[in-house]
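Novice: Quick check, what structure comes out for this input:
(one chain, ligands or ions: 1)
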Amino acid sequence: MAEIRMLNEEPELRGVLRRVWPYLRPHRRLLTAGVTVNLLSTLALSLVPAVVGRATDALLDLDRDRLLQLCALLFVLVIARMVLLRQAEILLVRLGERVVRDLRDRAVERLAAAPLRFLETHRGGDLLQRVTVEVAELAAFVRQQIPDLISLTGYVVFTAVVLFTSSWQLASLLVVLFAPAMWLIGRRFRRAAGDAYAGEAAAEAQVTAAVRETLEAREQVQAADAAGPWRQRLGERLDAWFAAVRRTQKALTWLETAWIVQGVVTAGLLLAGGAMVAAQTVTVGVVVTFVLASRELFSSVDDLTYVAGELVGSQVGLARLLDLLDATEPPARERTGGGAGSDLAVEGVCFGYGPDRVLHEVSLEFPAGSRVALVGETGSGKTTLAKLLCGLYTPDAGTVRLGGTDLAGMDERELRRRLVLVPQQVHLITGTLAENLFTDADPMPAVRQLGLADWVASLPDGLDTHLGPRGAHLSAGERQLIGLIRAALLTPDVVILDEATADLDPATAHRIETAVAQLHTARTLIVIAHRQATIERFPCVVRLAGGVLAGA
Ligand SMILES: Nc1ncnc2c1ncn2[C@@H]1O[C@H](COP(=O)(O)OP(=O)(O)OP(=O)(O)O)[C@@H](O)[C@H]1O
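Specialist: Below is the predicted model:
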């Protein structure tokens, strides 16, 4: 089986913030401005308790002028804090949105270009969770928590400086009573939360995947009366998720114990402060500064531990997103646009989805402009070969070349433009016919060229006809007509059509035949043919049997 980098359910958290730096680097100016303004606003706030303490001393000394000056300073600090905080919020929210948009765009782009084998080997729900739910959680974290994280850390640092310069004895007491206990609580919490948050994210992804698969298979589930086992399967996943949520909640209770520590510290400060005032080593104002600052400090450290908890959760989301970006990173090798000619050559191609091979040593030539029908029993490997022919899979051994260039070395975009596969089940998006053609150009010339103008005109609103949820209003044959229009719009060198096996009504079958005949003009046409009438129209027929060439 061709090498595919598998995603980790619970990827490594270490170094995740360092790994996200390349995505932040392009926005470093905005980041610096946001952090600076935020820290200035925090500095203004941290000075407030010291100014109130000094004002208390001025009041006790009945020093009117000093009291007025300190009140004016207090007013300036409060206004500065308010204005700067608002500016910092604006800058950091803008930064967060830009970074998250970059990450999401890149993840969606990488997924769109990811090898088909990668998409097939992973659960759609898990991939969806990584590019939607986890990016949304990250966005919420960046918008709400990052600014808090900066200002809370800044507040703790600035307040420590203010307190140490007011009374190193009381400040030391505060540190001795408070820091070790909080460090211990934080450590226990991080240890418990790291595993708990990762487990919760993985369990949630399993639930999303199970719900999505049930919805996709809803017709079969209903028809086979298999709702019971599906419900049980979903129930088991939900139970696992709830158990993971309970583990996270248990980890969070560690944070609650911080309240006990805070009570003990305040009592210690009042006792020691009272004794020092009595011994006239500090003023009442200093004790007021300590009581006010320590209250703020406690709530800052409290908020900080909460934000740190959120950070662990966001790190998990971020790690899962970065894991997806790493796994889908295109190989660094130089890619070419391909040779000038459009002969398609398959040489000794082997391929398997797992350890067993589906195709064995297949060698074939499709000269430019040829028309070939590919036939064989069901499961003989026709669709697999078609996907290899247009570069959707890379062979385990052998090569597929277009105009002499190995498809594996061709530029992805060029590959998609020059080789087009119209599958049995053409995927449609919820929207109009025009939206499903994925083009900014006028599609009508291509529609007319394929002889489909009357079909489009027969739809209620022509190109603007709404096709229902994921094209549910159209038959398999009509979906293939859309696939053929998409192919014609790309003007490819090679078109591979996997003929619909569903019964086609005579009018649609005729339209497909006409469109395919028109599409063939000046390009290679390979049709995986399921019907005798189709096979008879082709001058060359290639037969596959059990993954080997049985005749051409
Ligand atoms: N995505 C996949 N993962 C694993 N096995 C697969 C996958 N797609 C096809 N196979 C297996 O590979 C073999 C060849 O399948 P393939 O679809 O290429 O045959 P086919 O000739 O096109 O069949 P049909 O005419 O029914 O479409 C089959 O045994 C099939 O079960």
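Novice: mind listing the strands for the stretch 1-150 of the chain?
Specialist: Using DSSP state E, counting those that start in this stretch, no strands are found in the stretch 1-150 of the chain.
Novice: Which residue does it have closest to the ligand?
Specialist: E120 (4.7 Å; Cβ to the nearest ligand atom). All C-beta spots, glycine's among them, are computed from the backbone N, C-alpha and C.
Novice: Based on its surroundings, how many neighbours for that residue?
Specialist: For E120, the neighbour count with other Cβ atoms under 10 Å is 11.
Novice: when you give positions from now on, start the count at 523
Specialist: Noted, 523 is the first residue going forward, which turns the last one into E642.
Novice: And it, how far from V884?
Specialist: 20 Å (Cβ to Cβ, to the nearest Å).
Novice: what's the span of stretch 923-937, first residue to last?
Specialist: Taking Cα to Cα, to the nearest Å, the first and last residues of stretch 923-937 lie 11 Å apart.
Novice: State the mean pLDDT of that stretch.
Specialist: Stretch 923-937 shows a mean pLDDT of 86 in the predicted model.
Novice: buried sites along that stretch?
Specialist: 923-925, 927-930, 932, 936-937 (16 or more other Cβ atoms under 10 Å).
Novice: List, one by one, the residues from this protein near the ligand.
Specialist: By Cβ under 6 Å from any ligand atom, the residues of the chain that approach the ligand are 642, 875, 880, 898, 900-906.
Novice: Quick one: residues contacting Q947.
Specialist: By Cβ atoms under 8 Å, 6 or more residues apart in numbering, Q947 lies in contact with 998, 1001, 1022.
Novice: wouldn't E532 be in contact with A724 here?
Specialist: Yes: assessed by Cβ atoms under 8 Å, E532 is found in contact with A724 at 5.3 Å.
Novice: So what's the residue count around A577?
Specialist: Count around A577 with other Cβ under 10 Å applied: 21.
Novice: related to what we said a few turns ago, wait, which of the buried residues of stretch 923-937 is closest to D845?
Specialist: A930 (24.4 Å; Cβ to Cβ).
Novice: Contact partners for the nearest residue to that closest one once chain neighbours are set aside?
Specialist: Nearest residue to A930 in three dimensions, chain neighbours excluded: T916, at 5.4 Å (Cβ to Cβ, 6 or more residues apart in numbering). Residues counted as contacts of T916 (Cβ under 8 Å, 6+ apart) are 524, 637, 639, 910, 929-930.
Novice: Show the model's pLDDT score for the most far-flung residue of the chain relative to its centre.
Specialist: In the chain, the residue that sits farthest from the middle, by Cα atoms, centre = their mean, is L584; the gap is 63.1 Å. Per-residue confidence (pLDDT) for L584: 90.
Novice: Ok, A524 next?
Specialist: Looking at A524, its pLDDT reads 54.
Novice: Break the chain down into its structural domains.
Specialist: Listed domain ranges for the chain are 538-849, 866-1073 (source: automatic domain parsing).
Novice: roughly how far out does the longest one sit from the chain middle?
Specialist: In other words, domain 538-849. How far domain 538-849 lies from its chain's middle: 21 Å, per Cα atoms, centre = their mean, to the nearest Å.
Novice: And that domain, end to end?
Specialist: End-to-end for domain 538-849, by Cα to Cα: 15 Å.
Novice: where along the stretch 523-672 of the chain do the helices fall?
Specialist: Under the criterion DSSP state H, counting those that start in this stretch, helices of the stretch 523-672 of the chain are mapped to 538-546, 550-582, 586-635, 638-643, 646-653, 655-662, 668-688.
Novice: Just tell me which of those helices ends up closest to A1037.
Specialist: Judged by Cβ to Cβ, the one of the helices of the stretch 523-672 of the chain that comes nearest to A1037 is helix 638-643, at 25.0 Å.
Novice: Okay, buried residues for the closest one please.
Specialist: Those would be 639-640, for helix 638-643 by 16+ other Cβ under 10 Å.
Novice: Stretch 979-999 now?
Specialist: 981, 985, 987, 989, 993, 996, 999.
Novice: Least confident secondary structure element in this structure?
Specialist: helix 740-745 (a mean of 62; mean pLDDT, DSSP states H and E).
Novice: any idea which helix or strand comes after that helix?
Specialist: Using DSSP states H and E, the helix or strand that follows helix 740-745 in sequence is helix 749-778.
Novice: quick one on the thing from earlier: any idea which of the buried residues of stretch 979-999 is the one closest to T1043?
Specialist: Relative to T1043, the closest of the buried residues of stretch 979-999 is G999; by Cβ to Cβ it sits at 21.7 Å.
Novice: Disregarding residues adjacent in the polypeptide, which is nearest to that closest one?
Specialist: According to Cβ to Cβ, 6+ apart, the nearest residue to G999 is T1030 (3.6 Å).
Novice: what about the closest residue in space to G676 that isn't next to it in sequence, neighbour count?
Specialist: Among residues not flanking G676 along the chain, T564 sits closest, at 3.7 Å (Cβ to Cβ, 6+ apart). Using other Cβ under 10 Å, T564 has 25 other residues around it.
Novice: ok so, going back, check the helices of the stretch 523-672 of the chain for me: which has the lowest mean pLDDT.
Specialist: Ranked by mean pLDDT, the helices of the stretch 523-672 of the chain bottom out at helix 655-662, with a mean of 76.
Novice: what's that one packed up against?
Specialist: Helix 655-662 sits against helix 586-635, helix 690-738, helix 806-849, with contacts defined as 3 or more Cβ pairs under 8 Å, 6 or more residues apart in numbering; DSSP states H and E.
Novice: For G647, which of those helices is the nearest?
Specialist: Once those are compared by Cβ to Cβ, helix 690-738 is nearest, at 2.9 Å.
Novice: relative to helix 646-653, how tilted is that closest one?
Specialist: Put simply, helix 690-738 runs at 150 degrees to helix 646-653, going by axes from the mean of the first three to the mean of the last three Cα atoms, to 10 degrees.
Novice: pLDDT of helix 690-738, averaged?
Specialist: Mean predicted confidence for helix 690-738 is 83.
Novice: by contact count, what packs against it?
Specialist: Where contact means 3+ Cβ pairs under 8 Å, 6+ apart, helix 690-738 is packed against helix 646-653, helix 655-662, helix 668-688, helix 749-778, helix 780-800, helix 806-849.
Novice: the helices in the stretch 823-972 of the chain, which residues?
Specialist: Under DSSP H, counting those that start in this stretch, the stretch 823-972 of the chain gives helices at 904-911, 934-940, 966-971.
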